[in-house]
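Chemist: no FASTA, just this:
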C-alpha cells in the first residue's frame, strides 16, 4: 500500500527535524495532494513554521527535537490526518465522501 498524503503529513509531524526541513516536507506534500482541506491545514502549518515568533524560541532548535503534537498549533493537523488514516480509505475516496459521494449500495 502506498503512503497517503495523510500518513506522510503525520510522519513529517512526528519525525525529529529542524524547522526548515519540516516545512520543506509539508511543502512537498502540499504540492502533491489533491485534498484541498489538507492543503489548508498544511498552509497554516507552513506559515506557522515560517513565522518569526515561532522560529525565535518556540521551535525545536536541533535535528533531534520533536514537536509537541498535543499543542493547540499542531493538534488539528494531527487529528485531521489520524482521522483520514483511520478510515482506511484511499485518499480519493476520503475527498469524494467529504463532498457527498457515497459508494453504490450492493
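Modeler: Yep, that arrived. All values derive from a computational prediction rather than experimental measurement. Numbering: from 1, shown residues only.
Chemist: counting neighbours, what do you get for residue 27?
Modeler: By the criterion of other C-beta atoms under 10 Å, residue 27 has 15 neighbours. Glycine gets a C-beta too; all of them are placed from N, C-alpha and C.
Chemist: ok, the one 5 residues further on next?
Modeler: For residue 32, the neighbour count with other C-beta under 10 Å is 9.
Chemist: doesn't residue 5 make contact with it?
Modeler: Yes - using C-beta atoms under 8 Å, residue 32 is in contact with residue 5, at 6.7 Å.
Chemist: against residue 32, how distant is residue 88?
Modeler: Noted for residue 88: a distance of 21 Å to residue 32, by C-beta to C-beta, to the nearest Å.
Chemist: checking residue 11 next. Helix, strand or coil?
Modeler: Secondary structure, DSSP: H, G, I helix; E, B strand; the rest coil: residue 11 is helix.
Chemist: quick check, pLDDT for it.
Modeler: pLDDT for residue 11: 92.
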